[in-house]
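Chemist: What follows is a protein structure lacking sequence information:
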């Protein structure tokens, strides 16, 4: 069963996303992802569609605890409905 994650990324890189939403499969790999950028635009990716800035991770995502142990990340498990809302807002890939 999939689970859903929102990660706030605390940094000063103007071209990088500041929030990442992931649907994570049972195997730990991302199935779908939405990235929110500092200027407010959103991009999304799945197995069939990526953008220049947004693609699925090539390694398993790791646990919430592992992600949170890195000071630049603030992870939070979210519900499917929140992820689906962001996926819809991001529009087609």
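Modeler: Everything's here; your move. None of the values given here were measured: they were computed from a predicted structure. Residues are numbered from 1 along each chain as shown.

Chemist: need the contact list for residue 37.
Modeler: By CB atoms under 8 Å, 6 or more residues apart in numbering, the contact set of residue 37 is 15-18, 43, 53. Every residue, glycine included, has its C-beta placed from N, CA and C.

Chemist: Mind doing that once more with 10 Å?
Modeler: Contacts for residue 37 (CB atoms under 10 Å, 6 or more residues apart in numbering) come out as 14-19, 43, 53-54.

Chemist: cool, residue 13 as well?
Modeler: Contacts of residue 13 (CB under 10 Å, 6+ apart): residue 38.

Chemist: which residues in the protein form helices?
Modeler: Remark: helices assigned in the chain by DSSP state H are 64-68, 80-90.

Chemist: got the ones you listed as CSV, with mean neighbour count columns?
Modeler: Output for the helices of the chain, formatted as CSV (neighbours: other CB atoms under 10 Å):
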stretch, mean neighbour count
helix 64-68, 13
helix 80-90, 15
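
Chemist: Among those, which comes closest to residue 31?
Modeler: Nearest to residue 31, of all the helices of the chain, is helix 80-90, at 10.2 Å by CB to CB.

Chemist: Give me the distance between the closest residue to residue 54 other than its chain neighbours and residue 11.
Modeler: The shortest distance from residue 54 to any non-neighbouring residue, by CB to CB, 6 or more residues apart in numbering, is to residue 43 (4.0 Å). Residue 43 sits 17 Å away from residue 11, taking CB to CB, to the nearest Å as the criterion.

Chemist: go on, residue 36?
Modeler: For residue 36 relative to residue 11 (CB to CB), the value is 13 Å.

Chemist: what sits in contact with each of those two?
Modeler: The contact sets of residue 36 and residue 11 overlap at 17-18 (CB under 10 Å, 6+ apart).

Chemist: Comparing these two, which shows the higher neighbour count?
Modeler: residue 36 (20 against 11; other CB atoms under 10 Å).

Chemist: ranges for the strands of this protein?
Modeler: Counting by DSSP state E, the chain has strands at residues 3-9, 17-24, 30-37, 42-46, 73-78.

Chemist: want to throw those strands into CSV with distance to residue 85?
Modeler: As requested, the strands of the chain are exported to CSV (distance: least, CB to CB, whole Å):
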stretch, distance to residue 85
strand 3-9, 11
strand 17-24, 9
strand 30-37, 10
strand 42-46, 11
strand 73-78, 10
